[in-house]
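# model this:
(2 chains)
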Amino acid sequence: MDQLDELKKEWQNREQELPKLSYNSIYNMLLKKSSSIVKWIFIISILELLFWIGLNLVIPEDNLKLINEMGIGDIMHYSNIVHFIIFGVFIFLFYKNHQSIKVTDSTKMLMQNILKTRKTVRYFVYYNLGMLASGLIITDIYFYSRSQKLYEIMNFASKGIPEKGFATTFIISQIIVGILVVGLLIAFYWMIYGILLKRLNNNYKELKKLDD
Amino acid sequence: MNKELEHSFVKQLEENQNIAHKICRLYTNDQDSHNDLFQEITIQLWRAFPKFRGDSKFSTWMYRVALNTAITLYRKSKRQINTQDFESISFKIKTEDYDDTIEQQLNLMYSAIKKLNDIDKALVFLYLEDKSYREISETLGITEVNARVKMNRAKEKLRKILNP
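Numbering: from 1, shown residues only, chains lettered A, B, ... in the order given. Below you'll find the predicted structure:
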């Protein structure tokens, strides 16, 4: 008999050395809560969806006034409708992908479905960051080209801000804030998902290697 | 109805708990993590149980869910393996006339398997549990041919470790 087969037989004979849990202690485990990676991805994803939807709903009144007076109220209104339809599609996809995660699937399928759910949320975040950045750029260009009007609406004269050079300062400060916000968000995502998904990604890579 | 389901589940898990314990031993390095993983496996099994139709054996179904939990869903970070942990998992000599070399080889093999990556560990574990290539390929989601090829490689690795 091969040495390895002999050990295999031994391995199977050693079951009496394993811990033995009683009926009651197993029963008590049913009442405990899961702390699986899927649960965490689900919670974080829901928070992300809520965060971005919330951010879009909370527009300070001053901003709304500015938008209307600058004459882009209608465009903003329609683009918001499109924006929320796209939100709906993302939420639907997220729900569908999350439903497809089944612990009874093969390991590869399970990993694929988890990563797919994660990907949906990642695209949702990309979409929002993209919209945020392009929205900022477009309005900044628009405002810059109508800086005279902006100066009047914002009532900068009464605040003692000189008209000369104000537009440039306004745009530069907008860009700096924009870069800071995007940078912070990227750092945040890198931290959360880097830690959470590292092992899953590694194992998925190993599994794919087996099938190459 | 719910009580009946609970009872049937707990009873079957109690009978088959060895499968989960063996997986916990391979994938964790201390008693706390072992218990943690066992609990997560129990929760995942219980969640999936209503859809378990009994067209396969409970144990067959359990291998898949338990391995998936250990490889994919379990969240605790892997701690470094140290020698003390190896001592705690060593097999004890049961009888006086027991063959000492097999004992040593078994321990050597155990520590070798623990050093493999999560996927190779699953492959070797299923081999030691005498699963067919078909079952292994279905559990992991790879083709049967690839399961066979990779398993032969893993076995070769183990042989080398046992006969340095």
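# chain center to stretch A:112-129, what's the gap?
Computed by C-alpha atoms, centre = their mean, to the nearest Å, the chain-centroid distance of stretch A:112-129 equals 7 Å.
# just stretch B:60-76 next, same as before
Shown here is stretch B:60-76, whose average C-alpha point lies 9 Å from the average C-alpha point of the whole chain (C-alpha atoms, centre = their mean).
# wait, does it contact chain A?
Yes - using C-beta under 8 Å from any C-beta of the partner chain, stretch B:60-76 reaches chain A at B:61, B:64-65, B:67-69, B:71-75. C-beta here means a position set from N, CA and C on the backbone, and glycine is covered the same way.
# okay, buried residues for stretch A:76-87 please.
Buried residues in stretch A:76-87, counted by 16 or more other C-beta atoms under 10 Å in any protein chain shown: A:76, A:83, A:87.
# tell me how many other residues surround the nearest residue to the first one once chain neighbours are set aside.
Right, the one you point to is A:Met76. Beyond its immediate neighbours in the sequence, the residue positioned closest to A:Met76 (C-beta to C-beta, 6 or more residues apart in numbering or on different chains) is A:Ile67, lying 5.5 Å away. Here the neighbour count serves as a burial measure; for A:Ile67 (other C-beta atoms under 10 Å in any protein chain shown) it reads 17.
# secondary structure element for A:Ile67?
Assignment of secondary structure by DSSP states H and E places A:Ile67 within helix A:61-69.
# quick one: buried residues of that helix?
Of the residues in helix A:61-69, those buried by neighbour count under the rule 16+ other C-beta under 10 Å are A:66-67.
# tell me the helix or strand right after it.
helix A:73-99.
# where does the chain have low pLDDT?
No chain was given, so I picked chain A. Flagging of chain A using pLDDT under 70 yields the residue ranges A:1.
# chain B, not that one
B:1, B:76-99.
# so what's the backbone phi/psi at A:Lys32?
Geometry field for A:Lys32 lists phi and psi as phi -80, psi 160, criterion degrees, to the nearest 10.
# what helices and strands are in contact with the helix holding A:Ile67?
Judged by 3 or more C-beta pairs under 8 Å, 6 or more residues apart in numbering or on different chains; DSSP states H and E, helix A:61-69 has no packing partners among the helices and strands.
# kindly list the longest helix within chain B.
For chain B, the helix that runs over the most residues, judged by DSSP state H, is helix B:2-27.
# that helix near chain A anywhere?
Yes - looking at helix B:2-27 against chain A by C-beta under 8 Å from any C-beta, the contacts come from B:6, B:9-11, B:13-14, B:17-18, B:21-22, B:25.
# just put the residues of stretch B:60-76 next to chain A in TSV and tack on secondary structure and neighbour count.
Shown next, in TSV, are the residues of stretch B:60-76 next to chain A (DSSP: H, G, I helix; E, B strand; the rest coil; neighbours: other C-beta atoms under 10 Å in any protein chain shown):
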residue	secondary structure	neighbour count
B:Trp61	helix	21
B:Arg64	helix	21
B:Val65	helix	27
B:Leu67	helix	27
B:Asn68	helix	27
B:Thr69	helix	27
B:Ile71	helix	25
B:Thr72	helix	25
B:Leu73	helix	26
B:Tyr74	coil	25
B:Arg75	coil	18
